Structure formats: structure tokens, C-alpha cells
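> Fold the following for me, if possible:
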Amino acid sequence: MEFPAAASSAPASFDAWLATLGAPQAPVATALLSLMEPTGACVTVKSMATGRYVFASAGMAELFGRSEDGVVGNTDNELMRVDEVQAMRRAEQATLAQRSVVSSEHRLELGGRRREVTVTRIPLGTEHLMALWSDKTEERHRESHLQRALQQLEQQQKSLEQMRRELQQGSGRDEVSGLYMRAQFDDQLLREIDLSTREHREFTLVLIALDAQTAGDGAPLTAEARTRLLEGLGRMLRANTRAMDAACRVGEDLFAVLLSGVGLATAHARMEQLRRQCHAQIVVLHGQDLGLSLSMGVASFPHTASRQEELLHAAEMAVKEAQRRGGNQVVLASIPFGLGG
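Coordinates of the predicted model:
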């Protein structure tokens, strides 16, 4: 909708200003204002010749704490503090100079309360300025509360990890994740193969890889961020595996879980549940949630493979397939036709 140049003198009311638009623009302008009100947004039109508001939607009186007197007919000097008026004027001058839509953030002391508002302005001709006001105070408060909560959670996670490291010193576990390492995994895998062969039962091997992630600006994760993610994954695996299972760190970003006596279907369901829990897990660094995204490959003995090397290879191929599909998912290793025939 294009607005015509406003009259040289400010209209006595917004209805008078709307009349200058003519059909069909006036009904469209009225409808747009009606749509904005339920969202909590407020609209003003200011005469740049007098500095007075010639229109203010109903919510502006409440925002400025002037339910009785209203806003129309007042200047910013009559509504705000000197420093606030200066900031408003600078933003208005920038809008007029650019002849385009310009948004600015303002902190205002209104009705004895600090308010944070976003004001988006557009010139109406050369002498009037329309502005859309959005009160962001409650949103900013929620963001502040969330930030404090994340900072507290980060401190708790750091404290717990430090205590865990101190308790596990000399235990042969990986310092970062708190899990057993590759040597223990290889021994446990051989034992599971021997046990399953003798007792004619199956077990499942799950390989878990951290998905490649970047920081919010697209840069690679720092070493500290990777450490936080590895700690978070270690916590999740320790909390979600049975005493008879073996959860180990077998590579830089690779983990393995041996599920004793568990078949493919049950293992897939358990790992899918673990994946969801990890994805919802909050891992905090410097007040920001890093997110924990995993790719998992599930293979079983003896259905997927009946030898150690083949079982590992099958699980590795399943992990790579999960990553190829975009990560954050569980993939079952394929079962060769005719195996065991």
C-alpha cells in the first residue's frame, strides 16, 4: 500500500488523516490497524512539522500510562525523559533520511516502570511518520530468566563433572566422558561373543558418533565446546545403560555400547529413546545450549554378523549411513541373506 504525501498541516484526528487517503486505501489502512491491535502492537502517526502525535492506537495510552489523557496531541517531550526524546529523534531522522522502513530499540521509563520497546517507522510523505510499537519488556524478562537458569545449570554441570573426575582418578576410565576406554571395550566384546556362542543367544553392538556441529556463527566448535558435548554424552550413557552392558569411548568422537542378551528390535527401541533424550538434553557453555546430536548404528550378533571384525564393520557402516542421512537418527545394520545357512 502506497501512502500519499500528508497535508502540510497536521489533521485534527486520525480519521481526518485517513480521509486524505481516499478509496480504496483508507479501508485497507483501517483493516491493517485492526489486525495489529490483537497482537499487542501499537501504531502512531506523528506530524514532523509540530512533533505532535496525530494518531495513537488504543494500546499506546496503556503503554505510556496515560489511560485518561491519551497520547494524541502530545509531543515526545511531554511523554518521555530528555535522553529518551533524543534517542527517538535520532531514529526518526534516520528514517526520514533513508526514506525506508527503519527499526530501533528503546528503553523507556513509562508509568514508573522500565519498558523495552521496538519501534519500526516508515515515512508518510514528507511531513508525517508512522510507527509500529512493540513492547518487548516481558519477552526480555523471560530471556533474562532463561539466561540465568542456563548459567546456573552450566555451573552445576561443571561441578558434577569435576566431582566425577576426582572420584574416578586412577580407575582406568576416560577422563572426559567417564566411560571405559577401547581396551576394555575390546575385552568385553570378545567375552560377549564367547558367551553368546556358548549359550546360543544374541547381543547387540551400538556405535554412536557425535554429529558434526558448528557454533552459532557457523564456526567450528571450540575444544571446550566439544569437551562439554562429550561430557554430556558420557552422562547420558552412564545413566541409560544397565550394569551388565558396556558403554565405552572407542575414538575421538565415537562411542560403543554392548547390550548383553538384547536383540535388534529391542536395541533399536532403546537407542531411539536414548537419541531422543540426548537431543533434548541441555548442554551449556557460556550460557548457550550447544545441543547434543548423535548418529547411531545398531548391529547384532549373530544375525548381522558372526565374527568380530564383520560385526564392527556392519555397525560402522550403519553409523555412516545415519550421518549420510543428515545425522540425529538410528540406523540398523543390514542382515546379509543366507547368513548361517
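
> hey, which helix or strand in this protein has the poorest pLDDT?
Between all helices and strands in the chain, the lowest mean by mean pLDDT, DSSP states H and E belongs to helix 14-21, at a mean of 55.

> Helices of the stretch 51-200 of the chain, start to end?
58-63, 76-79, 82-98, 137-168, 182-199 (DSSP state H, counting those that start in this stretch).

> Show me what the last one is packed up against.
The contact analysis (3 or more C-beta pairs under 8 Å, 6 or more residues apart in numbering; DSSP states H and E) places helix 182-199 against strand 203-210, strand 246-249, strand 254-259, strand 294-301, helix 308-324. All C-beta atoms are positioned from the backbone trio N, CA, C, and that covers glycine.

> Okay, residue 311 and residue 249: tell me how far apart.
The gap separating residue 311 from residue 249 is 19 Å, by C-beta to C-beta, to the nearest Å.

> hang on, I meant residue 294
13 Å.

> Kindly report the same for residue 241.
Separation of residue 241 from residue 249 (C-beta to C-beta): 13 Å.

> So for the two, which sits in the more crowded spot?
residue 249 (26 against 18; other C-beta atoms under 10 Å).

> which residues touch that one?
174, 176-177, 179-182, 230, 234, 255 (C-beta atoms under 8 Å, 6 or more residues apart in numbering).

> and if you look at residue 205?
Residue 205 makes contact with 189, 256-259, 298-301, 311-312, 315 under the criterion C-beta under 8 Å, 6+ apart.

> and the nearest residue in space to residue 319 that is not next to it in sequence, how many neighbours does it have?
Among residues not flanking residue 319 along the chain, residue 297 sits closest, at 3.6 Å (C-beta to C-beta, 6 or more residues apart in numbering). When neighbours are counted by other C-beta under 10 Å, residue 297 registers 25.

> Now do the same contact list for residue 297.
Per C-beta under 8 Å, 6+ apart, neighbours of residue 297: 206-207, 314-322, 330-331, 333.

> Could you identify the buried members of these?
Buried members of the contacts of residue 297, counted by 16 or more other C-beta atoms under 10 Å: 206-207, 314-319, 321-322, 330-331, 333.

> any chance of those residues in JSON lines, with distance to residue 80 and pLDDT too?
Output for the buried ones among the contacts of residue 297, formatted as JSON lines (distance: C-beta to C-beta, whole Å; pLDDT from 0 to 100):
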{"residue": "206", "distance to residue 80": "62", "pLDDT": "97"}
{"residue": "207", "distance to residue 80": "62", "pLDDT": "97"}
{"residue": "314", "distance to residue 80": "69", "pLDDT": "96"}
{"residue": "315", "distance to residue 80": "66", "pLDDT": "97"}
{"residue": "316", "distance to residue 80": "65", "pLDDT": "96"}
{"residue": "317", "distance to residue 80": "66", "pLDDT": "96"}
{"residue": "318", "distance to residue 80": "63", "pLDDT": "97"}
{"residue": "319", "distance to residue 80": "60", "pLDDT": "96"}
{"residue": "321", "distance to residue 80": "61", "pLDDT": "96"}
{"residue": "322", "distance to residue 80": "57", "pLDDT": "96"}
{"residue": "330", "distance to residue 80": "57", "pLDDT": "97"}
{"residue": "331", "distance to residue 80": "60", "pLDDT": "97"}
{"residue": "333", "distance to residue 80": "67", "pLDDT": "95"}
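
> quick revisit: with residue 267 as the reference, name the closest of the helices and strands packed on helix 182-199.
strand 203-210 (3.8 Å; C-beta to C-beta).

> any idea which helix or strand comes after that closest one?
Per DSSP states H and E, the first helix or strand lying C-terminal to strand 203-210 is helix 223-239.

> and the angle for that next one with helix 137-168?
70 degrees (axes from the mean of the first three to the mean of the last three C-alpha atoms, to 10 degrees).

> Can you give me the buried ones in helix 223-239?
225-237.

> follow-up on the earlier one: need the helices and strands packed on helix 182-199 in TSV with distance to residue 134, can you?
TSV is the format used below for these (distance: least, C-beta to C-beta, whole Å):
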stretch	distance to residue 134
strand 203-210	39
strand 246-249	48
strand 254-259	46
strand 294-301	39
helix 308-324	42
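
> Understood, closing this out.
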